[in-house]
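> Would you be able to build a 3D model of this:
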Amino acid sequence: MKQKLLEHLNPLRVDALPAKINKSYLDIEHYRAKSLWELLLSNEEPSRVLLHCSGFETAWGDYYALNILWSRAPQDLIDWLSVACSNTVGEHHRKRALVEQALYIICLELEFDKNPEKIEALLKSDASVVTWVGLHALKNAINCGNFSTDALSKLSLVKSTCEQKAAYVGLSTRQITIILMSNHN
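So this is what the prediction gives:
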């Protein structure tokens, strides 16, 4: 069934309902094109950015395919999303709508459920915007008491060059440590 759902999400599928062309307030290409380093330095929260979209243009079938994959096969959805985000998404309306909808679904659920398997899938992504969502989810899970500080070892899942990884881990660890210390005061 996973494979059928992933095939259904193919932006170039011939029998797919076309995405409605609406003016979206979210410039997903702006975030997709940034490096993880730039996203972390932006001081923006993924949930604030990705949960305030103007509306989605996907068909109901696409919406349910994304939801089912996220609930039953999160790593498969993240792998699909990483491929979708590997090049520009703004030129193809259906692809942009699917990426925006997927990120919305992911961020919304992470507001309520700090599932370790799903956070790990996000951290393993090749797409910086997806990893950014995962790092913030990890930080929020630690702040909410869902994870202990031992969960900082999950930062090793982040894919990048050795030099970048050292910088990301340093920044993320410092940010998380500051937040944890401020919660204990």
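> residue contacts, the closest residue to residue 157 other than its chain neighbours?
Spatial nearest neighbour of residue 157, excluding adjacent residues (CB to CB, 6 or more residues apart in numbering): residue 123 at 4.0 Å. To be clear about C-beta, it is placed using only N, CA and C from the backbone, and glycine gets the same treatment. The contact partners of residue 123, by CB atoms under 8 Å, 6 or more residues apart in numbering, come to 131, 134-135, 138, 154-155, 157-158.
> Let me see the confidence value for residue 123.
Per-residue pLDDT puts residue 123 at 91.
> What distance do you get for it to residue 147?
Distance, residue 123 to residue 147, by CB to CB, to the nearest Å: 12 Å.
> Overlap in contacts, these two.
The overlap between the contact sets of residue 123 and residue 147 (CB under 8 Å, 6+ apart) consists of residue 138.
> burial of residue 79, as a residue count?
18 (other CB atoms under 10 Å).
> again, but for residue 133
Using other CB under 10 Å, residue 133 has 28 neighbouring residues.
> how about the helix or strand residue 7 falls within as PDB, C-alpha atoms only?
For residue 7, the host element (DSSP states H and E) is helix 2-8. The C-alpha coordinates for helix 2-8 follow below in PDB (Å, rounded to 0.1, in the frame of the first residue of the first chain):
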ATOM      1  CA  LYS A   2       2.900   2.400   0.800                       C
ATOM      2  CA  GLN A   3       4.100   2.100  -2.800                       C
ATOM      3  CA  LYS A   4       0.600   2.900  -4.200                       C
ATOM      4  CA  LEU A   5       0.400   6.000  -2.000                       C
ATOM      5  CA  LEU A   6       3.800   7.200  -3.000                       C
ATOM      6  CA  GLU A   7       2.900   6.700  -6.700                       C
ATOM      7  CA  HIS A   8      -0.300   8.700  -6.100                       C
END
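> Okay, buried residues for stretch 148-164 please.
Along stretch 148-164, these residues count as buried under the neighbour rule (16 or more other CB atoms under 10 Å): 151-152, 154-155, 157-158, 160.
> shaky segments in the protein?
Counting by pLDDT under 70, the chain has low-confidence residues at 17-25, 53-56, 90, 160-185.
> the strands in it, which residues?
Under the criterion DSSP state E, the chain contains no strands.
> quick one: the helices in it?
When assigned using DSSP state H, the helices of the chain occupy the ranges 2-8, 28-32, 36-41, 46-50, 60-72, 74-84, 93-112, 116-123, 128-143, 162-184.
> among those helices, which is the most enclosed?
Per-residue neighbour counts averaged over each of the helices of the chain give the maximum for helix 128-143, namely a mean of 24 (mean count of other CB atoms under 10 Å).
> Tell me the gap between that one and the middle of its chain.
The offset between the C-alpha centroid of helix 128-143 and the centroid of the whole chain comes to 8 Å, using CA atoms, centre = their mean, to the nearest Å.
> what packs against it?
Other elements packing on helix 128-143 under the criterion 3 or more CB pairs under 8 Å, 6 or more residues apart in numbering; DSSP states H and E are helix 28-32, helix 36-41, helix 46-50, helix 74-84, helix 93-112, helix 116-123, helix 162-184.
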